[in-house]
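Engineer: Sequence first, then the predicted structure, then my questions.
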Protein chains: 4
Amino acid sequence: MSRRVCAIVGAGEGLGRALARKFAGQGFDIAVISRTETNSAAAMSAATTANGSVSVRFFPADATKPETVEAALTAVARDMGEIDVLIYNARGDFTACEPLEMSYEALEDIFRVEVVGAFAAARSVLPTMIKRARGSVFFSSATAAFRGSGTFPLYAIGKFGLRALSQSLSKAYARNGVHIIHVRLDCDLDVPIMRERYGDRYDPGGLANPDAVAENYWLTYLQPKSAWSNEIELRPYTEAWTY
Amino acid sequence: MSRRVCAIVGAGEGLGRALARKFAGQGFDIAVISRTETNSAAAMSAATTANGSVSVRFFPADATKPETVEAALTAVARDMGEIDVLIYNARGDFTACEPLEMSYEALEDIFRVEVVGAFAAARSVLPTMIKRARGSVFFSSATAAFRGSGTFPLYAIGKFGLRALSQSLSKAYARNGVHIIHVRLDCDLDVPIMRERYGDRYDPGGLANPDAVAENYWLTYLQPKSAWSNEIELRPYTEAWTY
Amino acid sequence: MSRRVCAIVGAGEGLGRALARKFAGQGFDIAVISRTETNSAAAMSAATTANGSVSVRFFPADATKPETVEAALTAVARDMGEIDVLIYNARGDFTACEPLEMSYEALEDIFRVEVVGAFAAARSVLPTMIKRARGSVFFSSATAAFRGSGTFPLYAIGKFGLRALSQSLSKAYARNGVHIIHVRLDCDLDVPIMRERYGDRYDPGGLANPDAVAENYWLTYLQPKSAWSNEIELRPYTEAWTY
Amino acid sequence: MSRRVCAIVGAGEGLGRALARKFAGQGFDIAVISRTETNSAAAMSAATTANGSVSVRFFPADATKPETVEAALTAVARDMGEIDVLIYNARGDFTACEPLEMSYEALEDIFRVEVVGAFAAARSVLPTMIKRARGSVFFSSATAAFRGSGTFPLYAIGKFGLRALSQSLSKAYARNGVHIIHVRLDCDLDVPIMRERYGDRYDPGGLANPDAVAENYWLTYLQPKSAWSNEIELRPYTEAWTY
């Protein structure tokens, strides 16, 4: 049986690392796509530790430059084999600002990383997935995709667009046997950047564990095609959700 | 290790049967709650066939009479052990009518089976689940929970209420370690009653396979509590979804 | 030109009074339907004060008994003329409780006042409105119609059902020229009961003024049928909305 | 009393014309912002015909170039007076394509006209509106803002982003007394371009009349600030809505 390949665009120390570990643990070869190999070192190491018998490779790309994303994923398919699972996990800057402080450049940047880059990644793998009538494409997203924000408007604008893209792809290509999933995190993740952000208020019980989130990507991958979810929500049991 | 118990309220020939088979196959003892044992014969037989080593038992109750639901689930806990998984799968009458044709009785009936009965079932198991800090409660629902209908208004009114109940329970008790899930089918199921309804237009590819749906209850059961879904949507890959 | 009639089911000292005043001020005869004339005295007096030339009459009904609602609205049509505007403004008990504290009776009661009573009112006027190809039916609702609650589950369950009813009626009968509107208040109203509830924290700036809300019913009434809203949301400019 | 100014960005022969006519008829001076005066001739002529006593002026801008939008609105404020009502009515190309046919340029173009241009317009007027604690900003949108599309993905991606922007602005600045409204058309408009598109299937009864839609902008402008809508939906009474 041929090997299966999972490509992760945007694999840092948080969710990306957990995803690399999970899919490697399940026997997938792992392609990590990021700006620099240094950024991805933790994810690659986690994958290798989880399963020494799979191949783990790095391919450089800048999510804000769609041609580089295409080039990287083309190289993955050529060097490692056709991609079975694509996870678009790149994310724009997550800095608070009030809407009137947004610059046009910041708006275009967030759109490029959240939507154009996601589309570039999807476009690189979908024709082959459609031909093979199989494959899964995950977009890591957030509850920001469901509502605007007076304090994080850029993030909301990016995630709304990502959700529109994900739904559009699903509606067009699910019938070809390709599973496209918008994963909505309705909470913050227990990752280094959040620990720092929370400081004294840090409480792991109130955050989603990245390994638990990655487990859900895996469970969703297992869904039979006669009963697929195209949008999933995830929150820790402690979350006082308002949506 | 003690045995695990899955109680299914409303287990006919369709999804109920598939759920009984799936959870029996995973080693759960199965309690089937329905008006008559005849209605549940297919589900019970499927469970036994799937796994001869589990206990499969019938308990009578009428979903429109909440006290009977409570009595049945109390009997399950007493006779089979604490319930780990409760699936409320009863459903009201699914007959087309225009809104002005609804009778007050039909309105009250749909509310009783979709909401009061679901609450009776949840109320019977939640205190123990909260005490044990574990347990899963599934409510089988439909896209009708998301939008009214000029042709199936009763079904929509019932499912809206069921969704409100499910969200309310989640928001109150998830923090106690109890997983509550509203399962939204965004399609028709490939079950006997639907085959009849479709007649010449019957096309299994356009319907969700009950076993595939049941598989998703199982996958959702496996979610770690740090990243739970409280509402899941399911549709076959062929579905031209409008929501 | 014949007189226009506005019937208000549930007209207390808050929004009901403001609605009676507004529609009387616009020249409508006002029918007030409530359990006792005492409950409606403020609304009736406000209507008469707003416009001494319109007729203001009381008809008794209990919103939890649909037959009495039908009888009252039949009497309105017979005694005052065909109803042009129906406003269903009755509301169930708004007491906090956690979901497990709900009784079956409380569930049925909330459903009766929020859904069955609303349907009884609509059913009493719609056949004539359809025949005349005009008329407006308003359902007073709340953001509770959009999400469950761990603290006010009954209210959410009732309002979800009301929204399903309103959408179903719209989808079935808008094409007949009847305007059906679900009015979603995304805030508390500045009414006596809320002033009491807030106590020391009472701040009128954070609440919607009932006259401002009533003005919106009027503006919605003015919508041309080629561009109707079937669901409207209202919140004060100070509201930090989360939806 | 000083004159009131309504600025319309994107005023062609359809809704833009109807909006110019409506607000001119209500006594507003009208600033029309568009690429060429020729594109706006119908709107300007409709405004002048509706009310010969108001000033109607043209200012050039290209909605895909935010600086030109800013420059135009700055010129409006300088030459005509502070803007009371801003309507962003520019719209991207509405051509069907399947998602995989989208080019990166088309994605960036739709984002520029639907989101960046809308933000440029809002940013030009909001600081003054906030200072004066009054003003209304309308964004013309569509049901495409609520769901992705397998056939019009660009339009959906643009409108999702526009909705995120509108919500974010509302949540940040409503408290300053500025009314921000996302107007969702849940249907096609009865405008020249749609008549052509429908061809033989053209049926005005199934489309929203632009004057009826413009009337709703006006009614929304009249909302008192204690009970505002931030998102409104509009559809003709004939619409078989699915949302």
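Structural biologist: Now that the structure is in, tell me what you want to look at.

Engineer: you'd agree residue A:82 is in a strand?
Structural biologist: No. Assignment of residue A:82 by DSSP: H, G, I helix; E, B strand; the rest coil gives coil, placing it outside any strand.

Engineer: residues in contact with the closest residue to it other than its chain neighbours?
Structural biologist: Excluding its sequence neighbours, the residue lying closest to residue A:82 (C-beta to C-beta, 6 or more residues apart in numbering or on different chains) is residue A:128, at 5.5 Å. Glycine gets a C-beta too; all of them are placed from N, C-alpha and C. When contacts are counted by C-beta atoms under 8 Å, 6 or more residues apart in numbering or on different chains, residue A:128 is found next to A:77, A:82, A:83, A:135.

Engineer: Can you check those and name whichever has the most neighbours?
Structural biologist: residue A:83 (24 neighbours; other C-beta atoms under 10 Å in any protein chain shown).

Engineer: pLDDT score for that residue?
Structural biologist: Per-residue confidence for residue A:83 comes out at a pLDDT of 98.

Engineer: Next: residue A:202.
Structural biologist: Per-residue confidence (pLDDT) for residue A:202: 88.

Engineer: Tell me which residues touch it, please.
Structural biologist: Residues in contact with residue A:202, defined by C-beta under 8 Å, 6+ apart, are A:194, A:195.

Engineer: Out of the contacts of residue A:128, which is nearest to chain B?
Structural biologist: Nearest to chain B out of the contacts of residue A:128 is residue A:135 (C-beta to the nearest C-beta; 11.6 Å).

Engineer: ok, now which ones touch that closest one?
Structural biologist: Going by C-beta under 8 Å, 6+ apart, residue A:135 touches A:83, A:84, A:85, A:86, A:125, A:126, A:128, A:129, A:177, A:178, A:179.

Engineer: Among those, name the buried ones.
Structural biologist: In terms of neighbour count (16 or more other C-beta atoms under 10 Å in any protein chain shown), the buried residues within the contacts of residue A:135 are A:83, A:84, A:85, A:86, A:125, A:126, A:129, A:177, A:178, A:179.

Engineer: Enumerate the positions of stretch A:68-79 that are buried.
Structural biologist: Result for stretch A:68-79 [16+ other C-beta under 10 Å]: buried residues A:68, A:69, A:70, A:71, A:72, A:73, A:75, A:76, A:77.

Engineer: Nearest to chain C among those residues?
Structural biologist: Nearest to chain C among the buried residues of stretch A:68-79 is residue A:69, at 34.4 Å by C-beta to the nearest C-beta.

Engineer: Name the nearest residue to that closest one, sequence neighbours excluded.
Structural biologist: residue A:120 (4.1 Å).

Engineer: Kindly confirm my reading that the one you found forms part of a strand.
Structural biologist: No. Under three-state DSSP, residue A:120 falls outside any strand and is assigned helix.

Engineer: Which residue ranges of chain A form helices?
Structural biologist: If DSSP state H is used as the criterion, the helices of chain A fall at A:15-25, A:37-50, A:66-80, A:104-111, A:117-132, A:153-173, A:192-198, A:210-221.

Engineer: rewinding a little: ok, the contacts of residue A:128 vs chain D, which is closest?
Structural biologist: residue A:135 (13.7 Å).

Engineer: quick one: contacts for the closest residue to the closest one other than its chain neighbours?
Structural biologist: Residue nearest to residue A:135 in three dimensions, not counting chain neighbours: residue A:129, with 3.1 Å by C-beta to C-beta, 6+ apart. Residue A:129 is in contact with A:83, A:135, A:137, A:173, A:176, A:177, A:178, counting by C-beta under 8 Å, 6+ apart.

Engineer: coming back round to it: of the helices of chain A, which stretch is the most buried?
Structural biologist: Ranked by mean neighbour count under mean count of other C-beta atoms under 10 Å in any protein chain shown, the helices of chain A are led by helix A:153-173, which reaches a mean of 28.

Engineer: and that helix with helix D:104-111, angle?
Structural biologist: Orientation check (axes from the mean of the first three to the mean of the last three C-alpha atoms, to 10 degrees): helix A:153-173 against helix D:104-111 gives 120 degrees.

Engineer: What pLDDT is listed against the residue nearest to residue A:135?
Structural biologist: The predicted local confidence for residue A:129 comes out at a pLDDT of 98.

Engineer: The one 5 residues further on now?
Structural biologist: Here the pLDDT value assigned to residue A:134 is 97.

Engineer: what about the residue nearest to residue A:197 when sequence neighbours are not counted, distance to residue A:235?
Structural biologist: In this structure, residue A:197 finds its nearest non-sequential neighbour in residue A:188, 8.0 Å apart by C-beta to C-beta, 6+ apart. In this view, residue A:188 and residue A:235 are 10 Å apart by C-beta to C-beta, to the nearest Å.

Engineer: Mind checking which of those two has more residues around it?
Structural biologist: The neighbour comparison of residue A:188 against residue A:235 (other C-beta under 10 Å) goes to residue A:235, with 22 against 18.

Engineer: hey, what's that one bridged with?
Structural biologist: Under DSSP bridges, the beta-bridge partners of residue A:235 are residue B:228.

Engineer: can you pull the contacts of it?
Structural biologist: Residues touching residue A:235, when contacts are defined by C-beta under 8 Å, 6+ apart, comprise A:185, A:186, A:187, A:208, A:241, B:227, B:228, B:230.

Engineer: got the contact list for the third one?
Structural biologist: Listed by C-beta under 8 Å, 6+ apart, the contact set of residue A:187 reads A:143, A:206, A:207, A:208, A:234, A:235, A:236, A:239.

Engineer: which parts of chain A sit against chain B?
Structural biologist: Applying C-beta under 8 Å from any C-beta of the partner chain, we find that chain A lies next to chain B at A:170-171, A:174-175, A:177, A:179, A:208-209, A:211-213, A:215-216, A:219-220, A:222-241.

Engineer: at 6 Å instead, please
Structural biologist: With C-beta under 6 Å from any C-beta of the partner chain as the criterion, chain A comes near chain B at residues A:174-175, A:208-209, A:212-213, A:215-216, A:219, A:222, A:224-229, A:232-234, A:236-238.

Engineer: I'd assumed residue B:226 was in contact with residue A:236.
Structural biologist: Yes. Taking C-beta atoms under 6 Å as the definition, residue A:236 is a contact partner of residue B:226 at 4.9 Å.

Engineer: Name the residues contacting each of those two.
Structural biologist: Overlap of the contact sets of residue A:236 and residue B:226 (by C-beta atoms under 6 Å, 6 or more residues apart in numbering or on different chains) consists of residue A:208.

Engineer: returning to that earlier point: relative to residue A:61, how far out is the residue nearest to residue A:135?
Structural biologist: In terms of C-beta to C-beta, residue A:129 sits 19 Å off from residue A:61.

Engineer: ok, residues contacting the helix or strand of chain A with the lowest mean pLDDT?
Structural biologist: Comparing helices and strands within chain A by mean pLDDT, DSSP states H and E singles out helix A:192-198 as the least confident, with a mean of 84. Applying C-beta under 6 Å, 6+ apart, the external contacts of helix A:192-198 come out as A:13, A:188, A:202.

Engineer: So which bits of chain A are right by chain C?
Structural biologist: In this structure, chain A approaches chain C at residues residue A:242, judged by C-beta under 6 Å from any C-beta.

Engineer: Where does pLDDT dip in chain A?
Structural biologist: A:1 (pLDDT under 70).

Engineer: Which single residue of it ends up nearest chain C?
Structural biologist: Taking C-beta to the nearest C-beta as the measure, the point where chain A comes nearest chain C is residue A:242, at 4.6 Å.

Engineer: My guess is that residue contacts residue C:240. True?
Structural biologist: No. Taking C-beta under 6 Å as the definition, residue A:242 is not a contact partner of residue C:240, at 11.2 Å.

Engineer: What distance do you get for the residue nearest to the spatial centre of chain A to residue A:61?
Structural biologist: Averaging the C-alpha coordinates of chain A gives a centre point, and the residue nearest to it by C-alpha atoms, centre = their mean is residue A:89 (2.4 Å). For residue A:89, the distance to residue A:61 equals 13 Å [C-beta to C-beta].

Engineer: Perfect, I'm done here.
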